[in-house]
Every structure is written in structure tokens, then in C-alpha cells.
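**Student:** Build the 3D model from these lines:
(2 chains)
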Amino acid sequence: MAVPASVKTALRVAQVLESIVSRCLGPDGRQVLCTKPTGEVLLSRDGGRLLAALHLEHPIARMIVACVSSHLKQTGDGAKTFIIFLCHLLRGLHAITGKEKDSLSIGTMQTLERHWKNSCQWKFISQALLTFQTQILDYTMDHCLSKHFLSIFSSSAKDKTLCGGSLELLLGAYFCGRVGRNNHKFISKLMCDYFFKCMTYESGVELFELVDDCFVELNVGVTGLPVSDSRIVDGLVLHRDFSVYCPAEGDIRMVIVKEIIQPLFSTSRSEFMLNSEAQFQTSQFWIIEKTKAIMTQLHSQNVKLLLSSVKQPDLVIYYARVSGISVVECLSSEEISLIWRIIGLTPCELPQTSSQCEISNTALVKFCKPLILRSKRYIHLGLISTCTFIPHSIVLCGPVLGLVEQHESALHGALKMLRQLYIDLDLNYVIQASDQNGRSNPLTYKNSQKSNQLPEISNDSIFRSYQDVVKTKDVCENLVVSDVELEANIPCSIPEVAPRDTFQTNKAQRCLSPEKNKIMDDSELFANSTDKSTTENTRIEISYENLQVTEIPRKGNLLPLRSKSLDICYHSSSVPAGCVLPVGGSFEILLHYYLLNYAKKCQQSEETIVITLIANALLSIPQTLYKSKKGNNSFPQIYLSSIHALQTHQPMVSSQVGLESVTGKYQLLTSVLQCLAKILTIDLIISVRRQPQKNCDQDSEDEL
Amino acid sequence: MSRLETKKPSLCKSEPLTSESVRATLAVLKEIVTSCYGPSGRLKQLHNGLGGYVCTTSQSSALLRNLPVTHPILKILTTAVQNHVLCSRDCGLFTAILCCNLIENVQRMDLTPTTVIKLNKHLLSLCTSYLKSEACGCRISVDFSSTQIPLSLTHSIITSKPACMLTRKEVEHISTLILRAFLLTIPESTEDPVILGQSIIVPGKGQRVTDSTVLPGILIDMSEVQLRRLLPIQKPHALKVALFCISLSGDFSDTGEGTLVVPSGVSLENAALDQLLNLGRQLVSDHVDLVLCQKVLHPSLKQFLSSHGIIAIDRLGVTLMESLSKVTGTQPIGSLGSVSPSSYGSVKEVSSTQFGSKHFFHLIPDKATVCSLLLCSRNDTAWDELKLACQTALHALQLTIKEPWVLLGGGCTETHLAAYIRNKTHSEAESILKDCGCTQAELQLMTKAFCSALESPACSLEHDGGEILTDMKYGHFWSVQAESPSVSNWSDLLSRCGCGLLSSQEQLGWSFLRSRHPPFAPPTYLPRADVGLAAVDSASSLTVDCLTAKLNGLQVAIETANLILDLSYIIEDKN
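**Tutor:** Okay, the predicted model is just below:
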């Protein structure tokens, strides 16, 4: 069965998801209990986990969930915001062309045809979205938002020293959205302490990488104790008990082995001939003596701890005990690699032939003792680190396993977030400027008081500008605007080239487009005429008029002039690592403000629609966050005061303490836009109610 | 492919606590746990219609293990209690009752979850800091040089498990035994850190409870015939022991991954046996008197050893190995070759013991910290219950030696704590309001809910329709029998408070626990602290609770309640 996909259906799906997710958002969000089919109970506030647990059936819902999870894999944060933002974008789109869409019904060929036409139109919007993402978003980030950024590093110099207070604020805000209300403060304190205990002066991003990669090995979950009993222990805790424990003092060395120490009769793919009983007895005697010799050798080298990735035979255990060597068996490869990363100790090769041989790979340990947590025994190992990470382990306690797991995954997510924060975010965008004004164009955007002017006024200026060619600054403004508009139109005229394109391909296309400019110019008329059909809406009628006005001179002499005077500059800059903004929707409000400013200068309808749409949808996040607040902390109050602060160039005041990563927010925004573009390019959902088949031949048989 | 099934979508329910069915199931669970609580608690008989044995119990560990719950919220609650019990052994029912009541009380009020959770957390921190502080008026310090308090502790724990079916005399016998068993596990040397030994509980079903006893060392269950064959060998001196952890049956493992080619005519069995006999000869020449083996001894080796006057016992099992190694001071031997002399250990004496129809081989150590507690009971279910109770008591003693404090039992701690919290929120309302950012009315409502939940375990001690009173000075728990005439002079009707520390002759003012009474400040010292505890006549022993277990229970209960109250959705995976 085929169902036409429309914004309406997508909106319906997104709204359901939003209603679930919005209750878990922010500091006032609540917990969700998930049961597994095995009967296990999971607690979560993690949007990604929640969406996965729903096992949604609707194909669009599944697509959204897939987009969310791929976003999460990259950043580890923002699943709930993703859904809310997407839902508001869809709502906005639906409102723009609501009436038209409503008339759509499934069934007859005519409506299907009309639907296809509409989907073409959606596709234009989807292209416009991607254009926005690659051009305007990066531009706004770089030119307008960057002055508001704060940094978590205490000094602006090249050595990135983490500022304690900032880290605390950052983690506090992160755990607010992840962990139950009664524990988030405690958990964020724990995490902060953990970092400051693990860090040396020169540790940087590699510390976060190591902790992130080996997080499972670095924490121990204990159930049955209150959460407040969680703590940090010095050294490494291995999740198993000693096979042999011999208390040792002073100079303790350890070795790691990866094979059975005792020599065996035969190795794989070989045969061992036993010719007599005496031979059997002597070979067994030799094995015993050999094992004993190795253990004595280890003992003489002051080795007191033997870590083994395999199970050792009783004989080895016995001689280890006799020699006073503690033995730990069955270590996982992850644990061995963690030890290697911390102290650089590699598994040693045991001397097989000569009996007396020094074992080179030994390492000193501070202590090695059993650790009892809730009557279960663990091994507590004090390693002497050779890297920038001072080993510490986290003991996570909680009354039920579900809660411990929630905290564990929240800590892991925080690590991912911090790791992302250490990476510079690259911004690339294209500015097309006329020769006369050069690169000062962005400045005119920022400084010009006319940014707030009404469309009618600029309407006049257009007339003026096209009469006396390229004289005033206003002209440049308009020129640039129309150029951008042109850019926006190009992909629309070649829809076959970019069907459901991803971010990267689109970007590549974007780079190619200047060359295509001239060719595309011819098709501009067509592009503009389609624009007319898309924008049959009362809200944008004014700009629609503008469009007609600008079209006239464009067809005339101005076109060749412009293509001559165009100078395309590629700007690439970056958001430096460690950029943060205060929590509570600062990023959204800032971006909203600057985008609206930008949109006011755009005479092109399509672009204005898209920018306004995105700018308004951005507000949904602070709106949801402040939903339950009253009085001075209610959303309208916060919004008005921050907009006022921005207009008068005063610093913004945030009612909440905490910081959040700019990179994360930016990535979230781009992921959502890509997801939306994906949804819009789909025109038909064909549902197949059959088991997936491997053979095509069988298919046809089944039909019969 | 045909087995592939599409995943069914999950079921998503919002605001689970508001649904009537959830409330009803929570109420049922509350009824079950409440009715089990205390010395006069009612027993529960759990039996599975499809088979299995019938379990009669009133203990949370047995009850919750056998009670299947399906609703996710109940699952959270019961697993939290079970995890707590696994951790502290004691105070499981207390935790469950407190948690259920708190959820129920909060549900009745119209407060936002945020405020409730914030206030709950704050009140909990008040409780824990009070119980840990020096100024706590319901805490007794434990001195292990006198047996009074430790004995009271074991006595209280055994009494609170009515399913053990013990008489008063039997309770006393068992609690003394438990204390003795515990004291035997404390090492004599005062090295740091002190490592406690262990007491092994040996079943002696079908005998009188008063036949139970404690023996130092290890009892190995054995048939009478076997025992008779082993024990004529009498040694005047201490016995030298060898303990093997490998199989001595002549089997042949660990040949490696390759193949082993044996031509016909070469008998590996003989070779292996030769090796075993060599080992036997070495044991004989080392003057070993007792050979213990975790796995199987070859019959020929056994024969050889006994012909040389060596006692050989095999098939001991892995569970006994650690204690055997501790008792004898041996290193378990894992080699068929030469045995290092340092691996041998010794025992002082071996003997045979008989309890009822059972015969035991008894290893008596020199000064090891392992003892066997032979528990007897008339029937299986009562024995199971008694065993759990003994484990609980032993664990409580271990916890108490770590943190040498006990709390007043019999409901007094709960009522006292509730009085303390009421007074605290009354007198220090401003600072709490500032910390939590809530209104005065919210604080009052929440204090009421919290304190009444705190008092609920105390109230559940009374199952026979009696009245519960509290005094207006110390805030202790007093109960009056049902049907008593309502008189103004309570001191004639009451005899002692719940914990047994106070008597009714002390001119205290009483009022009903559930009635409204003005908050009062309970004294921050122990009643009768000036007189000394010895002044409490020994006939009416004190009722005390383990501090660590109760504190953990309190924290777990409130944290779990907070967790459940914070739930906004339940997503059930129906696959």
C-alpha cells in the first residue's frame, strides 16, 4: 500500500514523539521507566534510549529515530531537543501551506498527481533548508554569535587549561537533563572530582579519549546502597577476584601473560608421540619442573602479581601460591589494553626453551589488594601511571540496577560531550560580494541600522538602487541579497542531481555552483516562476511584491553587470574548542535574534520564509524549558529581556546557572535540518507487509 | 526466515502513579509487608500451583524472592528492597513499608513532584545527619567487652522472625549460640586490618532447637560406616594435613591443543597410577596424617594411604575449600610432583560427632577463626527461616563491630525520629524554606507525609488492634492492648516502651501517635544515660536494631520513593 507522505503526517508523528520527550527535557524533566522483554527494568531520561525503547512502527517515526541515533553517536547529547525542534519546524511548515495541504486525500489519481507536484515544492524547501545550513547558519555563527561565546579554558593561550568552575557548571547543566532530580548535583560533583583527581597539569583531550574509551573498565556498579555512597577510589578496580592472593608489601612488580604458563604436551596442529610410560612420566616431570622454574624466576625478579588473560592450570596456581605471587585470571582484552594505555606494560613472552631468562616486561605497582563492595570481592590495583591520566575508578551505588545503569550512561555521555568540546568546529561558507565593497559586506550587515527597517522601505531602496547603478551602500545590500537568493534557486532547477542528498554531497555541489552560475542564469526565470507558486500565502505577500519589482531590472541590463562584478570568497573559520554559552536557551534566543535580523534584509521570499521558520522554531526549546515557570522566569519575560539586552548591546542575563557546549548545539541544529530535508524529499511511503525475502525469484512465486 | 517476527511496538503509559490499578497493587503490597512486620507479624504461606515446595515466612528476603510481581513500579520497589537485603540482610520489611507509605502519603497531596523530591531529600539528610551525630537521642554505643547489647541485638533479630516458631527459651538459646559463634570468628591477634573468620551453618533438621550447638572448626558430613573405617587411627599429637585441589584419580587432562599419539602397549593409566603412588610415598615420608582432596582420590591411592595409617577424605567440594585451607593453614596443592613442605598445615585433633541420625567428621583447629553452627529445627520450613534469621543476626553483628552503635528498636527510633523532624521543621522552617525554595504550606504538608510514613513501620508492629501512644518527652513508642478502657491515667495501663528502656512510672505525658499534638524537642541524650544501661533490669532485655542496616534501609526507601514519584512514563516492551 502506498501512502503519500506529507508534512502533515510527519508532523503528526513528530507531535506524538514531542509530547513524550518534552516531559523529560531540562532540569524539571522527569524519569521514564522502560521494561525490557526479559523483564529487566531500566530507568532513563536519555532521549535516545527512550526513543529506541518505543519500537515505533511508523516509517517516518523510524526514520526520525534513526536520524536521532546517528546524531547521538556523534555527539552524545541532544536527542530530546532534536525532536522538539523538528516538531516545531514541521509545525511551521504546515502552517505556511496548511490550507493547501489539507485538501489532500489519498486515493484518486488526480490527487496523487497533485501530491507529486506538491512534493516537488517540498523538495525546493528542503533544498533551501540545506542552503541555509551551509551558508547562512555558518555565517551567522561566525559573525554574530561568536562574540557571545565563553570558554571553559581558564586562559586564552594555546595551552588549554580546564577551568574548574566552568567544568562544574558545564557538567551540572548536562546532568540536570540526564539524571533524576534528587541526584544530579551529587553525580555532577562526583564527575568533577573524578576529573580533577585524574588530571595532571598537562592532560588534555587524550585524557577524555582514554576515559571515554575505557569507561566500562573504570567504573563499578553496586546495587543495594544509597546513591550517596558512590565514591571515587584511587587506582584501578578490576571486576573479578584473585585466584590466589598473597598479601605483599613494599616493592611489588607485576607481569601480564596472554598464554598458559605451563608448557603443554602438544601445541595445536602438531603431534606428540608417546613411546613409553617412562617417557610420559619424564615429560610430565619436566613440565612440573619447568613451571616451577618460571615461577621461581618471576619470584626472584620481585614479581608479586601475575595478570593473565587466560585461565591458568592448577599447577601454575599452586606454584604461584608457593612463590607468594598473587594471580588474577581471565582478564578481558579491554582491561589489558587499559593497563597498557596507563602504564605502557605489554604482555610478556614467556621463555619457552631456555630455563633461565630475564623477563623484561614488568611494572611497579603501588599496592594490590582485595576490595570488598557489598560482599562481592574486587581487585584494587594501584598503578603508577606513565601517561597524563592518573588512574582512579568510580564506584557507583544505587538501590536498583536500573538507576546505576542510568548514572553510568549519563557519565559516559558527559565524557562524549567533553570530548567533542575539545575539538574545533569548522565553519565554511561562501560570501559573494561585489568588487567595490569587497569583504566589508558582513560589516555593513552588522552595523547598518537599517537592519530593522520595514520591507516597504527597502522596497523603495530597490527602485532607487536599480536606477542609479551601484552607488550607495543600499545597493550593495540588495545586490548581495539577491545573489544569495540566486544561490538558493540553483539546486532547485536541477532537482535530478540532488535527490535526498546528504550534507556532504550538497556541500560539494555548493562549491561547484559558482562555475555553473552562468548556465543557471538562464533558468532563473523558471526558478522564479516556481517561487510564485510556492508562496501563495498572505503572510509573505509583501515580499512577493518585492520579488516582482526586482525581477524587472534583473531581466534587463543588470544581470551581466552582476556576473562581472561578482567576487566569490570562501570563508572558512572555526568555533574554537571549548566554546560554551549559558544554559536556558541562550543559544536559541541569540540565533533567533540574528537570523531574524538577517531575514529582514532578505528581499527574497523563499529565503525569508526559511529563515523565519527556523528562527521561530528555535524559540520552541526555551519555551518548553520555561513552561512550568511563573512570574519573572516565564518565557515571555526571559525572551523580552534578552532581546532588549541584545538590541541595546548589553550582556544577556540568564536566570539559570550552567553552561552548554556551542559545538553540540550547532551539530544538533545541522542534524535536525538534515533530518527535515530528508523527510521533505520523501513523497510516497510504500509499506510492504511481507517478510523480507532474499531471493527475487521467490517473490514472484509468492505473488501467485 | 519464517521465524523472524516484527517487533511489536511498546506500550507507553504516562503518569503511571495516577492510575487506579497501580495504586491498588501498591496498596496490596503494602498490606502484605505491613502484616508481616515485627514479632507478632503474621506469616505468609507462598506456594506455587505448578509445584515446588511451600514456603512459610515473614521475612522480606524469602517473601520477595518468591512473590512474583509484574508491574514495573512494583518491580522497582521490590528489587530495591531485595538489593538492600542482600547488602545489609536486615531491615527489609522496614524499607518496604516506609517506601510504600511515603509514596501513598505523597500521592494524597497535591504537590508537584519537584517540590516533593526536594523536600524528601532534605528531610532525609536531616534524619541521616541526626542518626550519625553525637547528639542522637536514640542511639546506644556498643561495648563488645560486655555481652548485654550484642545479645540484645541477636535476641531482637531472632524474636522479630515469628516463622522460626521458637519458644522464649529457644530464642534465648539460639541468640546465645549466635553470639558465641560470632565471637569465635574474631581472631585473637590484633593485627590491622582485622579479618573476621567465618561461621558455617550446618543443617540438623528434625531435632529439637535446643540441641543446636556451636563447635570450633569444621564438620564434614559422612556416613557412619565410612567414619568408623577412618577413625580407629588415633594420633597423640597434632595432625599434619595435606589439602589437594586437583584430581588424584589418575585422569589425564591438559594435553594441549595438538594430538597425543600413544602406541598400543603403552598404558598411560599405569603411568599415571605410578605417579600417584609416588606422590603417596612422598606423603608417607613427610609424615602426613590427614589427606583431604577437593576432587576424587584413586581407590588404589586411598588404599595405599590408609595402609600407612593416613586418613584420606575425598570429594569435599569447592565450597568447603576456602574454610578448610583457613582451618588447617595449608596451601591447596595443585601438583602431582614434589610437594613443597610449606604447603602442609595442621589440625589439633580430629574426632567424630553425632547429631541425631547424622555423623560428622570433626576437624578441630588450633586457633583458627572458623566455627560450625549446627542449627536444629523441627521441620524444614522453620529451619529455612531460622537459617536466614541466623545469617541476618551474624551479619548484623559484623556490621555492628565495624560501626559500634545500635539504634533503639521496637518502634522507638521511628517515633523519636519523627518527633525530631517535626520539631526541626517547625523551629528551623526559614532555613529549610530558603534551601528548598518552597512555601511554608508545602513544607508543612510534606513534613506531615514524611513523618507519618516514618511512623508507619512502628505502627505496623501492632497487629492485634491495640492503640499506639507516644510520650511527649522522649518520643518513644508505647502500645496498649485493644479493648482497654479509655482512662486518663495511662501509666497504669502501660508497662514499658517499645525498646524497653523506659518504664511507665516516669511521669511522662502520653498522647495517641496519630493524633495532632504540638511538636516538642526530644532530648538529645539517651534516657537513663546517667543511670547507665546496667540499671535496666536484665529480665526485660532491650530491643535494639543494627544502625548500619537501618540507616541504609532508610536511605534506600526514601531514594526509591523519590525515584518512583519522579516517573513520568512507563514504556513496556511487549516483545
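
**Student:** hey, let's count contacts and neighbours off CA atoms from now on
**Tutor:** Noted.

**Student:** buried stuff in stretch A:646-664?
**Tutor:** Neighbour counts over stretch A:646-664 (16 or more other CA atoms under 10 Å in any protein chain shown) mark A:Leu646, A:Met652, A:Ser654, A:Gly658, A:Leu659, A:Glu660, A:Ser661, A:Val662, A:Thr663, A:Gly664 as buried.

**Student:** Look up the pLDDT of the fifth one for me, please.
**Tutor:** In this model, A:Leu659 is scored at 84, pLDDT.

**Student:** That one: what's it in contact with?
**Tutor:** Neighbouring residues of A:Leu659 by CA atoms under 8 Å, 6 or more residues apart in numbering or on different chains: A:Ser166, A:Leu169, A:Leu170, A:Leu171, A:Ala173, A:Val580, A:Leu581, A:Pro582, A:Val583.

**Student:** what about the stretch 451-575 of chain B, any weak spots by pLDDT?
**Tutor:** Applying pLDDT under 70 to the stretch 451-575 of chain B flags the ranges B:484-488, B:528-540.

**Student:** quick one, strands of it?
**Tutor:** Using DSSP state E, counting those that start in this stretch, the strands of the stretch 451-575 of chain B run over residues B:467-471, B:477-480, B:510-512, B:544-546, B:567-572.

**Student:** So which of the ones you listed is nearest chain A?
**Tutor:** Across those, the minimum distance to chain A, taken as CA to the nearest CA, is reached by strand B:567-572, at 4.6 Å.

**Student:** So what's the residue count around the one residue in the stretch 501-650 of chain A that gets nearest to chain B?
**Tutor:** Nearest residue of the stretch 501-650 of chain A to chain B: A:Ser628, at 10.5 Å (CA to the nearest CA). Around A:Ser628 there are 11 other residues, counting by other CA atoms under 10 Å in any protein chain shown.

**Student:** Please apply the same query to B:Gln45.
**Tutor:** For B:Gln45, the neighbour count with other CA under 10 Å is 11.

**Student:** pLDDT wise, what is the closest residue to B:Val262 other than its chain neighbours at?
**Tutor:** Sequence neighbours aside, A:Leu274 is the residue nearest to B:Val262 in space, at 5.2 Å (criterion: CA to CA, 6 or more residues apart in numbering or on different chains). pLDDT for A:Leu274: 82.

**Student:** May I have the residues that are in contact with A:Leu274?
**Tutor:** By CA under 8 Å, 6+ apart, the residues touching A:Leu274 are A:Phe280, B:Leu260, B:Val261, B:Val262, B:Pro263.

**Student:** now for the helix or strand where A:Ile317 lies, which elements pack on it?
**Tutor:** Under the criterion of DSSP states H and E, A:Ile317 resides in helix A:314-322. Other elements packing on helix A:314-322 under the criterion 3 or more CA pairs under 8 Å, 6 or more residues apart in numbering or on different chains; DSSP states H and E are helix A:277-300, strand A:326-328.

**Student:** Have a look at chain A and report the helix or strand with the lowest mean pLDDT.
**Tutor:** Within chain A, confidence by mean pLDDT, DSSP states H and E is lowest for helix A:541-553 among all helices and strands, at a mean of 31.

**Student:** could you check the distance from the most centrally placed residue in chain A over to A:Arg690?
**Tutor:** The centroid of chain A falls nearest to A:Thr75 when counting by CA atoms, centre = their mean (1.7 Å). Taking CA to CA, to the nearest Å as the measure, A:Thr75 falls 36 Å from A:Arg690.

**Student:** One more: B:Thr210?
**Tutor:** Shown here: B:Thr210 relative to A:Arg690, a distance of 71 Å by CA to CA.

**Student:** Neighbour count for these two, which is higher?
**Tutor:** The residue with more neighbours, out of B:Thr210 and A:Arg690, is B:Thr210; 16 against 7, by other CA under 10 Å.

**Student:** Let's verify the more buried one: helix, strand, or coil?
**Tutor:** Secondary structure state of B:Thr210, per DSSP: H, G, I helix; E, B strand; the rest coil, is helix.

**Student:** so what's it closest to, chain neighbours aside?
**Tutor:** The spatial neighbour of B:Thr210 that comes closest, neighbours along the chain excluded (CA to CA, 6+ apart), is B:Glu170 at 6.1 Å.

**Student:** Spell out which parts of the stretch 51-200 of chain B neighbour chain A.
**Tutor:** Residues of the stretch 51-200 of chain B lying close to chain A (CA under 8 Å from any CA of the partner chain) are B:72, B:75-76, B:79-87, B:114, B:117-118, B:121.

**Student:** and those, which of them are in helices?
**Tutor:** Using DSSP state H, the members of these that fall within helices are B:72, B:75-76, B:79-87, B:114, B:117-118, B:121.

**Student:** Can you flag the buried ones in those residues?
**Tutor:** Neighbour counting with 16+ other CA under 10 Å marks B:72, B:75-76, B:79-87, B:114, B:117-118, B:121 as buried within these.

**Student:** Identify the farthest-apart pair in those residues.
**Tutor:** B:Leu86 and B:Thr114 (30.7 Å; CA to CA).

**Student:** where in the stretch 251-400 of chain B is pLDDT low?
**Tutor:** For the stretch 251-400 of chain B, the stretches with pLDDT under 70 are B:253-254.

**Student:** how does it look with 80?
**Tutor:** For the stretch 251-400 of chain B, the stretches with pLDDT under 80 are B:252-258, B:368.

**Student:** Do a quick rundown of the strands in it.
**Tutor:** B:259-261, B:290-293, B:311-313, B:345-347, B:349-355, B:358-364, B:370-377.

**Student:** Give me whichever of these is most buried.
**Tutor:** Among the strands of the stretch 251-400 of chain B, strand B:370-377 has the highest mean neighbour count (mean count of other CA atoms under 10 Å in any protein chain shown), at a mean of 24.
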